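*Asks:* Only the shape, not the letters, is given here:
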């Protein structure tokens, strides 16, 4: 291991053990390593890289999509999607589990936030599932895992971050490539939930939320304005009507109209608080982007990606083995690091290796996102795990144990996504022709 990589690793682990926020860890490691390697004028160079890291028009999409997600979360979206999901899958055995999964998929996709899906959908359905006899730990585990599918089904902030770091990668291509893998994982989770419900006897009778059941047409029309957000964003980008950044601004306008005018769930007096919440989240994300970019620049200058690439390729020249090693590494990273900084740090390291193996950068992006989504469900950093356990008043250890079958299906799905490229690349190639 090279001197610079050893210095970075020791500093990184030491600061993580001190429970310093990850953005400060990345910035501090960059400064310490730069001083140790004898760089001149370190404060100015690091500050310059921090500024350059967020000096991108494409990054404007992130605060807009975050604000759109906040508006969607407060605007009555979850209840409409629950109604639609109830009509579609509510009469299956374990109906509420099916409703939960499908609603989380829809809400996560529309809002672009797995955490928002857990809190909004889980806040309604986890208590209802417990009241109908479902195990609370199972309900929380299902909600958390289902919510992560929204990171693959567009629009997705993490895809924008990956496209920015990867360079010449189309956000539109990533959005389209994530649709089928996201649905594939969601169907796998529904299958596991169905089997668990049958084995444990959950929902033997119709157990949908106790409201007057609307017809499919009524439920679909009620949810249609919300579902149209995905159609507008994807259709506009693919049709060349607007860019991903412009699409994010249109998403905010549409979410505002739904929440304030159409559904009337948001009062005008609530808007400053919603905007402030979105601003706080944006500040955290962009600070992560800036500090990760500064570290990536230092890694690139010291040729660390090339060194790691040579080391990996020296282990094997078999693409299947290299991809397995990369996936195992990312799974380990996801346990200790949130998704955004992991994408920012490891994309410049692993993407050149993937390209040298003949893997399309779009396909590799889907692999990374599917992989790191699992990290949102694992302690000690699993955001979705903690939020879901909190919503369901459950214990983290018990919820983690209840997640074991869902972990298995997500890892199996990751292997399929990794080694069967057409699952991700079929739609982008079809629409490109």
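*Replies:* Thanks, I have it. All of these numbers come straight from a predicted model, not from anything done at the bench. Residues are numbered from 1 along each chain as shown.

*Asks:* contacts and neighbour counts: CA atoms only from here.
*Replies:* Will do.

*Asks:* contacting residues for the residue nearest the centre of the chain?
*Replies:* For the chain, the residue sitting closest to the mean C-alpha position, by CA atoms, centre = their mean, is residue 151 at 3.3 Å. Residue 151 makes contact with 108-109, 112-114, 157-158, 182, 369, 373 under the criterion CA atoms under 8 Å, 6 or more residues apart in numbering.

*Asks:* hmm, who's touching the one helix or strand residue 374 maps to?
*Replies:* Using DSSP states H and E, residue 374 sits in helix 361-375. Outside helix 361-375, the residues that touch it by CA under 8 Å, 6+ apart are 148, 151-152, 158-159, 162, 166, 169-170, 173-174, 177-178, 327, 330-331, 333-339, 342-343, 351, 354-355, 381-382, 407, 410-411, 414, 417-418, 421, 424-425.

*Asks:* picking up where we left off before, show me the contacts of residue 151 that map onto helices.
*Replies:* Among those, the members falling in helices (DSSP state H) are 108-109, 114, 157-158, 182, 369, 373.

*Asks:* Which entries within those meet the buried criterion?
*Replies:* 108-109, 114, 157-158, 182, 369, 373 (16 or more other CA atoms under 10 Å).

*Asks:* Could you single out the nearest of the contacts of residue 151 to residue 220?
*Replies:* When the contacts of residue 151 are compared for distance to residue 220 (CA to CA), residue 109 wins out at 16.6 Å.

*Asks:* Which helix or strand contains the nearest residue to residue 49 once chain neighbours are set aside?
*Replies:* In this structure, residue 49 finds its nearest non-sequential neighbour in residue 294, 5.0 Å apart by CA to CA, 6 or more residues apart in numbering. Secondary-structure element containing residue 294, defined by DSSP H and E: helix 271-301.

*Asks:* helix or strand right after that helix?
*Replies:* Next element after helix 271-301 (DSSP H and E): helix 304-315.

*Asks:* ok, residue 19 - how many residues close by?
*Replies:* Using other CA atoms under 10 Å, residue 19 is surrounded by 10 other residues.

*Asks:* and it, how far is that from residue 331?
*Replies:* 20 Å (CA to CA, to the nearest Å).

*Asks:* just residue 220 next, same as before
*Replies:* 38 Å.

*Asks:* just to revisit the earlier point, which among the contacts of helix 361-375 count as buried?
*Replies:* By 16+ other CA under 10 Å, these give 148, 151-152, 158-159, 162, 166, 169-170, 173-174, 177-178, 327, 330-331, 333-339, 342-343, 351, 354, 381-382, 407, 410-411, 414, 417-418, 421, 424-425 as buried.

*Asks:* about what we covered before: could you identify the helix or strand that succeeds the helix holding residue 374?
*Replies:* helix 383-391.

*Asks:* tilt between that next one and helix 361-375?
*Replies:* 30 degrees (axes from the mean of the first three to the mean of the last three CA atoms, to 10 degrees).

*Asks:* Distance from helix 383-391 to the middle of the chain?
*Replies:* Distance of helix 383-391 from its chain centroid, counting by CA atoms, centre = their mean, to the nearest Å, is 15 Å.

*Asks:* Stretch 422-433 too?
*Replies:* Worked out by CA atoms, centre = their mean, stretch 422-433 lies 21 Å from the chain centre.

*Asks:* and what of stretch 404-414?
*Replies:* Computed by CA atoms, centre = their mean, the separation of stretch 404-414 from the middle of its chain amounts to 16 Å.

*Asks:* any idea of the mean pLDDT for it?
*Replies:* Average pLDDT, stretch 404-414: 94.

*Asks:* can you check stretch 87-96 too?
*Replies:* 78.

*Asks:* And for stretch 306-318?
*Replies:* 77.

*Asks:* Buried residues, it. List them.
*Replies:* Buried-residue list, stretch 306-318, by 16+ other CA under 10 Å: 306, 308-309, 312-313.

*Asks:* quick one: residue 247 and residue 233 touch, right?
*Replies:* Yes - when contacts are counted by CA atoms under 8 Å, residue 247 is listed as touching residue 233 (5.4 Å).

*Asks:* and these two? which has more neighbours close in?
*Replies:* More crowded of residue 247 and residue 233, by other CA under 10 Å: residue 233, with 26 against 23.

*Asks:* Tell me if I'm right that that one and residue 155 touch.
*Replies:* Yes - look at residue 233 against residue 155 with CA under 8 Å: they come within range, at 7.5 Å.

*Asks:* Check the secondary structure at residue 394 for me.
*Replies:* coil (DSSP: H, G, I helix; E, B strand; the rest coil).

*Asks:* Tell me how many other residues crowd it.
*Replies:* By other CA under 10 Å, neighbour count at residue 394 equals 18.

*Asks:* And stretch 337-351, how far out from the chain middle?
*Replies:* Counting by CA atoms, centre = their mean, stretch 337-351 is centred 13 Å from the centre of its parent chain.

*Asks:* pLDDT of it, averaged?
*Replies:* Mean predicted lDDT for stretch 337-351 stands at 85.

*Asks:* residues in contact with it?
*Replies:* 22-23, 158, 161-162, 165-166, 285, 288-289, 292-293, 295-296, 304-306, 308-309, 326, 333-334, 361, 364, 368-369, 372-373, 375-376, 381-382.

*Asks:* The stretch 101-250 of the chain: helices as residue ranges?
*Replies:* Taking DSSP state H, counting those that start in this stretch as the criterion, the stretch 101-250 of the chain contains helices spanning 114-131, 136-147, 157-166, 171-177, 179-200, 216-238, 244-256.

*Asks:* quick revisit: wait, doesn't the residue nearest to residue 49 sit right on residue 29?
*Replies:* No - counting by CA under 8 Å, residue 29 is not a contact partner of residue 294; they are 10.0 Å apart.

*Asks:* More neighbours: the two, which one.
*Replies:* residue 294 (26 against 23).

*Asks:* So residue 222 versus residue 112, what's the distance?
*Replies:* Counting by CA to CA, the gap from residue 222 to residue 112 is 20 Å.

*Asks:* quick one: which of these two has more around it?
*Replies:* residue 112 (29 against 19).

*Asks:* Count the neighbours of the closest residue to the more buried one other than its chain neighbours for me.
*Replies:* Distance criterion CA to CA, 6+ apart; nearest residue to residue 112, sequence neighbours excluded, is residue 156 at 4.9 Å. Neighbourhood size, residue 156 [other CA under 10 Å]: 26.
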